[in-house]
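Asker: Sequence below, structure please.
(chains A and B)
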Amino acid sequence: MRLLLIEDGNEYEEFARHFLADRFEIDAAHTAAEAQARLSSAREDPSRAIDALLVDLRFERARTEDLVGDLPSLARRMFAGDLERARRWAKDQQGTLILAELRKAGFAQRAVFVHDFPPDRLQNLRKLYGDVHAVPAFDADAIARALGGER
Amino acid sequence: MSETSSDETSAVDPLAQLLVEIDPRFLEPIVDTLAMLHHDVGKYITRIARNVPAGAPVPTSLGAMLLKDLYETHRGKRASSRFSELVGVLPARLAQLAPMREAAAALARIDAAEPAVRALEARALAQVVADAREVELSLSLVLRAVRLARVRRDGDDA
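Answerer: Numbers count the residues shown, from 1 in each chain, chains lettered A, B, ... in the order given. Alright, predicted model coming up:
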């Protein structure tokens, strides 16, 4: 199985290369644009098909220009015009915003977050984005099971 | 039969009592801060620690990653610094709950062990792995307990 990691740093990649590499081939992207490019190119080459996505939720270190989400519109709709609060929110939720973009582009692979979502939030993510799972901690076996790559 | 474990219940009771006294307007920011605490501290401090079999020696090949998880995590800061920052904005009574004090104590032990951990001493590595797990468990317990108390309170309000 091939796994695409989507994160703003390299912590997931380090983790995956140590603890998941026996079960997955690993690729990584750091922005929505990169993820979309990787998935598009994999779609054209079946030998590099990507089976699942492991997505970070918070992208604190992302550059503003790399963020998905219309910040002025978010600021108007949710934060009384406060652009800084909108930027913080977009960073805090960037993983789900990227997933939304990928779903819009037709990529339906299973997505797994390493995050302790409240049950109603996870249910809502599933309604919106289909095959979504969450594992509350960096537990390699649990993550592999969620991704569908059981030993 | 209750759906909560005895551990959860013991943490829920003082929290439930506390939540009754908290102005509902301040509840969401508290839950958000606890979620951030679990994410920035609990999740990352156990990135390696959670995957080392309990009681087994920690492979020194994981040393650099473990050091990063403990001492150079959120924006390059120690896990204990991030913990202090976030706990600092919580109501004092919440920060004084037993699981929060246990997490703080485990983080203090992790900081005290830094020279030995950097020297990759087997005993120190094993101890900080156990302490890191304790931090994650404590923060997870508080987060889940507060969420549960909120659900119960909202149910009562409905």
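Asker: CA atoms for contacts and neighbours, from now on please.
Answerer: Will do.
Asker: shouldn't B:Val146 be in contact with B:Val31?
Answerer: Yes: B:Val146 lies in contact with B:Val31 (C-alpha atoms under 8 Å); the separation is 7.0 Å.
Asker: what about these two, which has more around it?
Answerer: Neighbour count, other C-alpha atoms under 10 Å in any protein chain shown: between B:Val146 and B:Val31, B:Val146 has more, with 22 against 18.
Asker: Could you check which helix or strand contains that one?
Answerer: Assigned by DSSP states H and E, B:Val146 belongs to helix B:122-157.
Asker: pLDDT of that helix, averaged?
Answerer: The average of the pLDDT scores along helix B:122-157 is 87.
Asker: cool, and stretch A:93-105?
Answerer: 96.
Asker: Report the buried residues of it.
Answerer: Buried residues in stretch A:93-105, defined by neighbour count with 16 or more other C-alpha atoms under 10 Å in any protein chain shown: A:Gln93, A:Gln94, A:Gly95, A:Thr96, A:Leu97, A:Ile98, A:Leu99, A:Ala100, A:Glu101, A:Leu102.
Asker: do the same with stretch A:72-89
Answerer: Buried, per 16+ other C-alpha under 10 Å, within stretch A:72-89: A:Pro72, A:Leu74, A:Ala75, A:Leu83, A:Arg85, A:Ala86, A:Arg87, A:Arg88, A:Trp89.
Asker: is it anywhere near chain B?
Answerer: No: shown here: stretch A:72-89 not in contact with chain B (C-alpha under 8 Å from any C-alpha of the partner chain), separated by at least 11.8 Å.
Asker: Could you do stretch A:22-40 as well?
Answerer: No: against chain B, stretch A:22-40 shows no contacts by C-alpha under 8 Å from any C-alpha, the least distance being 14.3 Å.
Asker: Show me the buried residues of stretch A:72-89 that map onto helices.
Answerer: If you go by DSSP state H, these have A:Pro72, A:Leu74, A:Ala75, A:Leu83, A:Arg85, A:Ala86, A:Arg87, A:Arg88, A:Trp89 in helices.
Asker: how about the fifth one, what does it touch?
Answerer: By that I understand A:Arg85. A:Ala75, A:Phe79 (C-alpha atoms under 8 Å, 6 or more residues apart in numbering or on different chains).
Asker: re the thing from before, columns pLDDT on top of the ones in helices among the buried residues of stretch A:72-89, output as CSV?
Answerer: Compiled in CSV, these are given as follows (pLDDT from 0 to 100):
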residue, pLDDT
A:Pro72, 92
A:Leu74, 92
A:Ala75, 93
A:Leu83, 94
A:Arg85, 93
A:Ala86, 94
A:Arg87, 95
A:Arg88, 93
A:Trp89, 93
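Asker: Go through the buried residues of stretch A:93-105 and name the one nearest chain B.
Answerer: Proximity to chain B was ranked across the buried residues of stretch A:93-105 by C-alpha to the nearest C-alpha; first place goes to A:Gln93, at 12.1 Å.
Asker: right, and the closest one touches A:Arg58 too?
Answerer: Yes: with contact defined as C-alpha under 8 Å, A:Gln93 counts as touching A:Arg58 (5.8 Å).
Asker: tell me which parts of chain B are close to chain A?
Answerer: So far as C-alpha under 8 Å from any C-alpha goes, chain B lies against chain A at B:Ala35, B:His39, B:Lys43, B:Tyr44, B:Thr46, B:Arg47, B:Ile48, B:Arg50, B:Asn51, B:Met65, B:Arg147.
Asker: What does the residue nearest the centre of chain A show for phi and psi?
Answerer: With distances taken as C-alpha atoms, centre = their mean, A:Val55 lies nearest the centre of chain A, 2.6 Å away. Backbone torsions of A:Val55, given as degrees, to the nearest 10, read phi -120, psi 130.
Asker: Same check on A:Ala28?
Answerer: Backbone torsions for A:Ala28, taken as degrees, to the nearest 10, come to phi -140, psi 150.
Asker: Next up, phi/psi of the residue nearest to it when sequence neighbours are not counted, please.
Answerer: Leaving aside its sequence neighbours, A:Ala28 sits nearest to A:Leu5 (C-alpha to C-alpha, 6 or more residues apart in numbering or on different chains; 4.5 Å). Note on A:Leu5: backbone dihedrals following degrees, to the nearest 10 are phi -90, psi 140.
Asker: contacting residues around A:Val135?
Answerer: Contacts of A:Val135 (C-alpha under 8 Å, 6+ apart): A:Val112, A:Phe113, A:Val114, A:His115, A:Asp116, A:Ala142, A:Ile143, A:Ala146.
Asker: Please flag which of these sit within helices.
Answerer: When these are checked against helices (DSSP H), the matches are A:Ala142, A:Ile143, A:Ala146.
Asker: and the residue lying farthest from the centre of chain A, how far is that from chain B?
Answerer: Most distant residue from the mean C-alpha position of chain A: A:Ala80, 27.8 Å away (C-alpha atoms, centre = their mean). Remark: distance between A:Ala80 and chain B (C-alpha to the nearest C-alpha, to the nearest Å) = 18 Å.
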